[in-house]
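**Q** Okay, here's the prediction I keep looking at, along with the sequence it came from:
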Amino acid sequence: MAEQETSKGFESGFVPGRHIIDTYGNGGFRFAGMSHRGSILLLPSGVSAWPVAGPREIDRSALRPVQAEAAGIELLLIGTGLDIVAIDPALRGWLKEAGVGLDVMQTGAAARTYNILVGENRKVAAALIAVA
């Protein structure tokens, strides 16, 4: 991972389009020829910096962008870091009401699963907490 926080092209914290995650770890991610330190949100519209550092910060506010694009998302993968952390049942219900299924797993597993489902052209999104 590059020393800089975000590589050229991702300064705004957003890059449009669907992108495969090339690598993860060292506190960030590589995708679309760029690197980013910190967590990311991958939606049908593009990849955004996600200001969530730990699973306890995942709430409705953190997932509003998912709700905004719910029509294009069938499944949201949440990568909770190195450990799997349960998501509040009320939050799960809120997503279900928006028509979005939810699967929670370690960040590495979520990144790999996201790549597979994007390759299958599935309506998937991911919220990935960066891991060291």
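**A** On my side now, so go ahead.
**Q** Could I get the contacting residues of Asp74?
**A** If you look again at residue 74, you'll see it is Glu, not Asp. 99-101, 122-124 (Cβ atoms under 8 Å, 6 or more residues apart in numbering). C-beta: built from backbone N, CA, C; applies to glycine.
**Q** these two touch, right, Leu95 and Pro89?
**A** No - look at Leu95 against Pro89 with Cβ atoms under 8 Å: they stay out of range, at 10.8 Å.
**Q** ok, those two, which is more surrounded?
**A** Higher neighbour count among Leu95 and Pro89: Leu95, with 21 against 8, using other Cβ atoms under 10 Å.
**Q** tell me the contacts of that one?
**A** Residues near Leu95 by Cβ under 8 Å, 6+ apart: 63, 66-67, 76, 101-102.
**Q** Would you show me how to pick out the buried ones of the residues you listed in ChimeraX?
**A** To isolate the buried ones among the contacts of Leu95 in ChimeraX, judged by 16 or more other Cβ atoms under 10 Å, type:
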select :63,66,67,76,102
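**Q** Show me the contacts of Leu95 that map onto helices.
**A** In helices, defined here by DSSP state H, the members of these are 63, 66-67.
**Q** from those residues, which is closest to Asp83?
**A** Nearest to Asp83 out of those is Leu63 (Cβ to Cβ; 19.6 Å).
**Q** any idea how far Glu69 is from the closest one?
**A** 11 Å (Cβ to Cβ, to the nearest Å).
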